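Asker: predicted coordinates and the sequence they were generated for:
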Amino acid sequence: TNESAGHLFPSLSVTLEELHLYDNWEIGFQGWASLCRRLENLDQLKKLNLERCNLTNESAGHLFPSLSVTLEELHLYDNWEIGFQGWASLCRRLENLDQLKKLNLERCNLTNESAGH
């Protein structure tokens, strides 16, 4: 939930290399905003799993710009509520994720418009 995420995310270690949040579909915008603030300081994060987290345009639009440039894997499987604006935000961030080796976008409801951005 927003409340538990708001307490957990600020306490994540700055040396964290992997964060798995699979199936946390009850986290809302405020919880994701809390993670965004913490991601800015996770300079060693290599793997982020956000599969089945019910991300929306709004949460994705704030989250994707905060992704660490050290990220090697990003898993977004089954986040079908992200629309054009959220995917556009990811596209802009991908330009600076030179370390990224694996990107999972299965079952994300991509369209011609969002895929062509």
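Answerer: Good, I have the coordinates.

Asker: and the residue nearest to residue 39 when sequence neighbours are not counted, how many neighbours?
Answerer: Spatial nearest neighbour of residue 39, excluding adjacent residues (C-beta to C-beta, 6 or more residues apart in numbering): residue 66 at 4.1 Å. To be clear about C-beta, it is placed using only N, CA and C from the backbone, and glycine gets the same treatment. Neighbourhood size, residue 66 [other C-beta atoms under 10 Å]: 17.

Asker: again, but for the one 10 residues further on
Answerer: Residue 76 sits with 24 neighbouring residues when counted by other C-beta under 10 Å.

Asker: please name the residues that touch it.
Answerer: With contact set as C-beta atoms under 8 Å, 6 or more residues apart in numbering, residue 76 has these partners: 50, 51, 55, 82, 103, 104, 105, 108.

Asker: now the phi/psi pair for it, please.
Answerer: phi -120, psi 10 (degrees, to the nearest 10).
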